[in-house]
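Enquirer: show me the folded form of this:
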Amino acid sequence: MGGLLKLSRLIDAVNEWIGKVVMWLVLAAVLISAGNAVMRKAFDIGSNAFLEIQWYLFAAVFMLGSGYVWLRNAHVRIDVVASRLSKRTNSIIDIIGMLVFTIPLCVILVALSWPVFERAWVSGEMSQNAGGLIRWPALLLIPVGFGILATQSVSELIKRVAFLRGERAEPYSVEHEKSAEELLIEELAAKAERGNYQRMPLTLHDQKPDDGKGS
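Expert: The predicted structure follows:
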């Protein structure tokens, strides 16, 4: 198991690096998008090439960042259910999900998308839009993205199994971070509870003391 845990740490390190690179791609997409909007509105100048670069960058962020999201335990999950279950039960559910759904699906999609990329590479397929870009970089993101997700799933599978075997203290590399909506709900609930607590003494003070005499 020690060797598998080393492999898991290596995969995590690679996806951590990829995630940091993807963050810069988000900034690049925002700057290009803003530049396109300014040029179009202010100078009536447009470029299909720059529009397609935006799409390519968005696709890169979505596909290449999937492994990083898995690593950071920030993927979508049903928190109402997961929060009520123990870490051991959640780990078993994750293992079943990865073995039955995630890893097989990634392998199938890599196998199906690779020939599509290969044909575009060989033929030099171009965008149908005037001044557009070559297509193979965008098509390459599909097998690469699902390959990254598959390798990170293997890393997560190793961590879950190690946790169940008692060879790892936690099943996740990073605990699930609460969303802004969850934090807001908790803050409102806390304020409501404090408000009720502050009103209780006033209510008790307004009550007349019972002197034991009947009315």
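
Enquirer: only C-alpha atoms for contact and neighbour calcs from this point on.
Expert: Fine.

Enquirer: please name the residues that touch Ala59.
Expert: The contact partners of Ala59, by C-alpha atoms under 8 Å, 6 or more residues apart in numbering, come to Ala138, Leu141.

Enquirer: nope, Ser8 is what I was after
Expert: The contact partners of Ser8, taken as C-alpha under 8 Å, 6+ apart, are Val154, Ser155, Glu156, Ile158, Lys159.

Enquirer: where's the second one relative to Gly3, distance?
Expert: When distance is defined by C-alpha to C-alpha, to the nearest Å, Ser155 is 12 Å away from Gly3.

Enquirer: which one of these two has more residues nearby?
Expert: Between Ser155 and Gly3, Ser155 has the larger neighbour count (other C-alpha atoms under 10 Å), namely 22 against 8.

Enquirer: name the helix or strand for the more buried one, please.
Expert: helix 136-164 (DSSP states H and E).

Enquirer: surely Gly124 and Ile134 touch.
Expert: Yes: counting by C-alpha atoms under 8 Å, Ile134 is a contact partner of Gly124 at 6.9 Å.

Enquirer: how many other residues sit next to Leu27?
Expert: Leu27 has 12 neighbouring residues, counting by other C-alpha under 10 Å.

Enquirer: show me what the helix holding Ser155 is packed up against.
Expert: Helices and strands touching helix 136-164, as assessed by 3 or more C-alpha pairs under 8 Å, 6 or more residues apart in numbering; DSSP states H and E, comprise helix 2-43, helix 48-64, helix 66-71, helix 87-97, helix 103-123.

Enquirer: ranking those by burial, who's on top?
Expert: helix 66-71 (a mean of 23; mean count of other C-alpha atoms under 10 Å).

Enquirer: just to revisit the earlier point, so for Ala189, which of the helices and strands packed on helix 136-164 sits nearest?
Expert: helix 87-97 (25.7 Å; C-alpha to C-alpha).

Enquirer: export the closest one to CSV, keeping only CA atoms.
Expert: Coordinates of each C-alpha in helix 87-97 appear next as CSV, following Å, rounded to 0.1, in the frame of the first residue of the first chain:
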residue,chain,number,x,y,z
LYS,A,87,-16.5,9.3,6.7
ARG,A,88,-16.3,5.6,6.4
THR,A,89,-19.7,5.3,4.7
ASN,A,90,-18.9,8.2,2.4
SER,A,91,-15.6,6.5,1.5
ILE,A,92,-17.4,3.3,0.6
ILE,A,93,-19.9,5.2,-1.6
ASP,A,94,-17.0,7.1,-3.3
ILE,A,95,-15.1,3.8,-4.0
ILE,A,96,-18.2,2.3,-5.6
GLY,A,97,-18.9,5.4,-7.6
